[in-house]
Structures are given as C-alpha cells and as structure tokens.
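**Q** Quick one, fold the following:
(2 chains, ligands or ions: 2)
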Amino acid sequence: MTPAQCPRCGSDGSTADFRGVDDGETVWTIWRCNDCCFSWRDSEPASAIDRKLRAGEFALDISDPGRFPVVLQPSNFQK
Amino acid sequence: MERADGNLRSNLAERARGVGSLRDFLELLEEHGQAVRWSDRVMPEPDLRNIAVAASRDVNNAPAIIFDNIAGYPGKRTVVGVHGSWDNIALLLGQPKGTTIREMFFDIAGRWGDASAQISRVSEGQAPVHECRHEENINLYDILPVYRINEYDGGFYLAKASVASRDPLEPDDFGKQNVGIYRLQIQGPDRFSLMTIPAHDMGRQILAAEREGVPLKVAVMLGNHPGVALFAATPIGYDESEYAYASAMMGAPIRLTSSGNGIDILADSEIVIEAELVLGERVFEGPFGEFPGSYSGVRRAPVFKVTAVSHRQNPIFENIYIGRGWTEHDTLIGLHTSAPIYAQLRQTFPEVTAVNALYQHGLTGIIAVKNRMAGFAKSVALRALGTPHGLMYLKNLIMVDADIDPFDLNQVMWALSTRTRADDIIVLPNMAMVPIDPAAVTPGKGHHLIIDATSYLPPDPVGEAHLVSPPTGPEIEELGKRIRQMQRGDVR
Ligand SMILES: Cc1cc2nc3c(=O)[nH]c(=O)nc-3n(C[C@H](O)[C@H](O)[C@H](O)COP(=O)(O)O)c2cc1C
Ligand SMILES: [Zn+2]
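**A** Ligands and ions are numbered 1, 2, ... in the order given. Predicted coordinates:
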C-alpha cells in the first residue's frame, strides 16, 4: 500500500498497522505517522483525517521537538 | 426508585457480593435494565463516540452499552458506560436504583479500609484470563476493537485500563504493588505510551526505574472486576493494596493470579497486556480529551513494549467516554475521590461530617465540618490540601457547617450567600497543580482557593441575625405527601 500523508503534521512517512476485514473485504486501514505518532483510521469523518478540513489548532509542527514538555523527565534526557 | 423493601435490599446486597468479574456485573446490570446490547452495525468512528455520549447525558440512569457488530471487527465486542450512572454504582454497592449520592457516600465511607480484605489465589492454569495467550507477532489492533474517543485525540486510547505493577526497587512487597488507571495510547502494533504525573504511584515507579536503571514490568488489565476499577482510580497510600480495599468494599474475596511477567493480576479479567518500560525513551503523546472538558496537549511520554497478551475466550473490551462532563469518568471516580479525603481528614479531625469532591475529579470540593472554634474550618481546609489527592487536585475548596449537606448544591449556595465575609477567602498562589487544569498559566502550577462558608463564632463578631428554624420532621413529610396527592387529584 502507498503510505498515506499524515493528516496532522503532513509527513509522508507512515506505516499501515492494521486492516479491518469483513467477509474477506478490507473496510478500513489504521495508519501511524512515523514522525509525529498520530494514528488514524482511513474511514473516519473527513473533519478528523483530511488535513485541509481539520481544525487548525490541531495541526502539529514537530520541527522543534524540544518545545514539547517531557513527562517524568529522566535526569539525563537529551531533548 | 425501585421498591426497596427489606427483601429486595438483602437480595441486592447478596447479588453484589457475588460479582467477581465484569461479566457477572453486566449480567446484574441487564437484570435491572442497566445494560443494553447494541447489535446494529456501527462504524468505530464516529458511531461509538456518539452513542456513548448520548447515553452519558443521563447521569442518574444511563445503562452500559455492549456493542457486538462493529465494522471491521467481526466477532469482537466492546462495552462502555459500565460505571456510567449513579444507578450502576448503586447496584455495584448492592443498593437499589435511585439511591441518593449522599447515601452511597456514607455507604462507601462505612466500608472504607482494608482490615476485612480476603484475597484468594488461583493458579495460572486455572485462571480464565489466561484462556488464550499470545507471545509472538502481537498486534494490539488485532485483539482490541479500539476507536477514537474524542475527535482530535492523537490516536487510539485504552482509557479504562487498570495498570498493575510492582515497585521496581522492592518487587516482593505486596502492598507496594500498584494498580492505577492511566491513559494508554497505542503506538504501533506492540507498543503503547502511558501518561501520568510524578505524584501518582505509577509516576514514582517510572522515575525510580529510570534513575536506577532497573526494569519496570506492568500488566495492563482490561475488562475488570468493577470494584477493583473503582479502587484503581482511588488515591490510597503508596503501600496500601487496591485489591485489598476493593475486597473490603465488596465484602467478598478478590481472586488473583499471576501474569506471565510475575505481577498479581485479577484472575477473571477479560484481557491482560504484559509489557516493559523502554528505559529513557519518550514518544509524542496526545492530545487527549480529558476530564476538565478540554484536550490536554501533545507531550513526550514514557513508552512500553508489549511482551505478551492473555485473554478470555471471546473477550469483551471495556472502554470509557471521557471529555466534557458529566461522563462515566465522573460517576466512576467521584465518590472514590471523596471518600478517601473524608477518611484521611477524620483521622485528625473527627469533626468532618462529609466530603463532596465530585466536580472535575475534585478541582472543586465541598467539605462539611463542625467548627471546634472560630477559624477551625480553615485549618481543616489546609489539612485537606495535604492529603494525597488534595495536593494537586483540590483547587477550589468550599467549607460549610455540618448543618449543610455538601451534596445538595442549593444548601451550599445558601451557605455561600449567607456565611462568607471578605476575610473568609484565602488564595494560595503558585502551588503544585495537576497539569491538565485548563486554567493553568504554567501547567503543573496553580492556586488553591479556600472559601470558608461556615458560620461565625466568637471571638469573631457574630452579627445580630438569628437563624430561622423551619418546622421539620414526620408531620411536615406527611403534609408534603398530602399536597402532592391533592395536586395529582387523588384526594380532594
Ligand atoms: C477513566 C480514568 C482515566 C484516568 N487517566 C489517568 C491518566 O491518564 N493519568 C493519571 O495519572 N491518572 C489518571 N486517572 C486518575 C488515576 O487513576 C487516579 O488518580 C489514581 O488515584 C492514581 O493512582 P495512584 O495515585 O495509585 O497512582 C484516571 C482515572 C480514570 C477514572
Ligand atoms: Zn504526523
């Protein structure tokens, strides 16, 4: 399958993690973005998985990972 | 309200004591019209979310909903809303539907502790949870019919999983095993991230394992004994056992077995995922629609690698709707947030008569207390802020007299209207606060606000107003009944 573009960060690198199959027919595929960890199902409403329709405040720019808080920061953690 | 004669009451109590698993409880709920099967075909999104939200609008009476026809998940089942209404909580406690929140609070508080706990052991070979086992080529999506809980969540969450773990530095200590509900985001076929804070037991264990470089193994239990789920969400002491508390509350033994990676787990859970912390790694986690009714943002969270999965035959995947309230989160956690604060306060201040911390996991709480002397309620409030939960959750605290029922907001508002003065309000700025408080300027910091709405006592000037004592008692109850009958036209 050709990797899908991430609806959240726009990356082209994604992995198909699972296909839902009913009576031998694929009804949807779950994708995961290799860059921002977003996962989605390609059968979801467009407002959640179409990058152009998603609410702007839920887009993600991960070019500066250091700006995201680290949960339970390990003492030697390299941001 | 169900007809609650003595017979029904003792039958209900007996039935509740017999509940040893999710399946048992679903049966009990179905008998009382509190669980329904949804067999029309549904899409994972948005149908499951929509139906769960529609149900949870009825906080008093909503049933659990079992889905068994989900597109792309042939043969799989999922349930939401098991703790999704006060009536479901009442049945779990062995009480009739319609039992008031106040009655349930005192019932739970009366059963508090672990002195009468009974733990029984089942061998791994005999434990239903191990009926089916996967140790290779694990794909969580192949086992769990997950769906996106809120539209802009960062992925697929297990939001009602009880995570069991041993203290990484004292693995042989039973009491220091922890069971807690922490949100888990699936991060690929055999990995998930876990979100928590340093104040929670799981947070302490992750920090300790990474500091010392020792392994941290967990067993994620899904579809659990409904009494244990309540205690997984309860802030009890670090060296106390959630299983023991649950057994004492249910008045019945809790059946434990061992997970494949050596942790005490419930023998009758639907599914258990065994996993190990990947030391020092953090992955993008979130957003996730949370209990304050807002999304918590994207963070970099600890990640676990799955090592095995066990489950019952034809397992039921249990999940929850959580978001802007009321939701199942609130009915699940509300009384079990209030009762430990009450128990902990009464150790030093027996004058405390009730605690209501139902609102947003205790971001607002109301404590009723008999004032020992002027200003006493303020000291009690400060003590409440020092309880395990108070530390980072009790943001707004309203103190009322013992003649106010803190579960009756009309009475609380009366106390606020009539019993506060400017110097009864204390704001403690720049304190620790749970990071998902949407009002935070800096997540993790915030204020505590104490409003002392108890009445004045000397040496403060008490003012010249005297209380009206309206007539109460059986005579007034009878008159009320007669008026209602007249209204219905039964009596002329
Ligand atoms: C549905 C639900 C979801 C929860 N999610 C989280 C979570 O993601 N992280 C967290 O730290 N606590 C979460 N909690 C709260 C904890 O389970 C609760 O505070 C518990 O007392 C923590 O136990 P501990 O102090 O033993 O760690 C959740 C509770 C419920 C009911
Ligand atoms: Zn992405």
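
**Q** Quick check, pLDDT for residue 60.
**A** Picked chain A for this. Residue A:60 is assigned 96 on the pLDDT scale.

**Q** that's the other chain; I wanted chain B
**A** 97.

**Q** show me what contacts it?
**A** Counting by C-beta atoms under 8 Å, 6 or more residues apart in numbering or on different chains, residue B:60 makes contact with B:85-87. C-beta: built from backbone N, CA, C; applies to glycine.

**Q** filter the residues you listed to the buried ones?
**A** Neighbour-count burial (16 or more other C-beta atoms under 10 Å in any protein chain shown) applied to these gives B:85-87.

**Q** near chain A, which of those residues show up?
**A** The subset of the buried ones among the contacts of residue B:60 lying close to chain A, counting by C-beta under 8 Å from any C-beta of the partner chain, is empty.

**Q** Can you tell me which of these is nearest residue A:4?
**A** Here the nearest of the buried ones among the contacts of residue B:60 to residue A:4, counting by C-beta to C-beta, is residue B:85; it sits at 39.3 Å.

**Q** SS state for the closest residue to that closest one other than its chain neighbours?
**A** Of all residues beyond its chain neighbours, the one nearest residue B:85 is residue B:62 (4.0 Å), with distances taken as C-beta to C-beta, 6 or more residues apart in numbering or on different chains. On the three-state scheme (DSSP: H, G, I helix; E, B strand; the rest coil), residue B:62 is labelled coil.

**Q** Just give the number of residues close to residue B:62.
**A** Using other C-beta atoms under 10 Å in any protein chain shown, the number of residues around residue B:62 comes to 24.

**Q** again with residue B:158
**A** By other C-beta under 10 Å, 26 other residues sit near residue B:158.

**Q** Around chain B, which positions in chain A sit nearby?
**A** Taking C-beta under 8 Å from any C-beta, the part of chain A that reaches chain B is made up of A:8, A:15, A:17-23, A:27-28, A:30, A:32, A:36-41, A:43-45, A:47-48, A:54-55, A:58, A:60, A:62, A:65, A:68-72, A:74-77.

**Q** which helices and strands sit right next to the helix or strand in which residue B:338 is found?
**A** When elements are assigned from DSSP states H and E, residue B:338 belongs to helix B:328-348. For helix B:328-348, the contact count by 3 or more C-beta pairs under 8 Å, 6 or more residues apart in numbering or on different chains; DSSP states H and E identifies helix B:86-92, helix B:101-110, helix B:226-232, strand B:352-359, strand B:364-369, helix B:376-385 as packing neighbours.

**Q** and the first one, does that touch ligand 1?
**A** No: residues of helix B:86-92 contacting ligand 1 under C-beta under 6 Å from any ligand atom: none, with a closest distance of 12.7 Å.

**Q** Kindly check the end-to-end length of stretch B:317-324 for me.
**A** For stretch B:317-324, the separation between the terminal residues is 23 Å (C-alpha to C-alpha, to the nearest Å).

**Q** buried ones in that stretch?
**A** Neighbour count says stretch B:317-324 has B:317-323 buried, by 16+ other C-beta under 10 Å.

**Q** How about stretch A:52-64?
**A** Across stretch A:52-64, burial judged by 16+ other C-beta under 10 Å covers A:54, A:58, A:60, A:62.

**Q** what does the stretch 251-400 of chain B put close to ligand 1?
**A** When proximity is defined by C-beta under 6 Å from any ligand atom, the stretch 251-400 of chain B lies next to ligand 1 at B:320, B:322, B:329, B:332-333.

**Q** Tell me the one of the residues you listed nearest chain A?
**A** residue B:322 (17.4 Å; C-beta to the nearest C-beta).

**Q** need the contact list for the nearest residue to the closest one once chain neighbours are set aside.
**A** Setting aside the residues directly before and after it, residue B:322 is nearest to residue B:329 in space (C-beta to C-beta, 6+ apart), at 4.4 Å. Contact analysis of residue B:329 by C-beta under 8 Å, 6+ apart lists B:291, B:320, B:322, B:361.

**Q** of all the buried residues of stretch B:317-324, which two lie farthest apart?
**A** Largest separation among those by C-beta to C-beta: B:317 and B:323, giving 19.2 Å.

**Q** Is there contact, residue-wise, from stretch B:434-452 to ligand 1?
**A** No: no part of stretch B:434-452 sits close enough to ligand 1 to count as contact by C-beta under 6 Å from any ligand atom; the gap is at least 8.5 Å.

**Q** I'd like the distance between residue B:472 and residue B:455.
**A** 19 Å (C-beta to C-beta, to the nearest Å).

**Q** more crowded one of those two?
**A** Remark: of residue B:472 and residue B:455, residue B:455 carries more neighbours, 20 against 8, as counted by other C-beta under 10 Å.

**Q** could I get the one helix or strand in chain B whose mean pLDDT sits lowest in PDB with only the CA atoms?
**A** Lowest on mean pLDDT, DSSP states H and E among the helices and strands of chain B sits helix B:6-17, with a mean of 91. What follows is helix B:6-17, C-alpha atoms only, in PDB (Å, rounded to 0.1, in the frame of the first residue of the first chain):
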ATOM      1  CA  GLY B   6     -36.200  -5.400  53.200                       C
ATOM      2  CA  ASN B   7     -36.200  -8.500  50.900                       C
ATOM      3  CA  LEU B   8     -35.100  -6.600  47.800                       C
ATOM      4  CA  ARG B   9     -32.400  -4.900  49.700                       C
ATOM      5  CA  SER B  10     -30.900  -8.100  51.100                       C
ATOM      6  CA  ASN B  11     -31.200  -9.800  47.600                       C
ATOM      7  CA  LEU B  12     -29.400  -6.900  46.000                       C
ATOM      8  CA  ALA B  13     -26.700  -6.900  48.600                       C
ATOM      9  CA  GLU B  14     -26.200 -10.700  48.100                       C
ATOM     10  CA  ARG B  15     -26.100 -10.400  44.300                       C
ATOM     11  CA  ALA B  16     -23.500  -7.600  44.500                       C
ATOM     12  CA  ARG B  17     -21.300  -9.700  46.800                       C
END
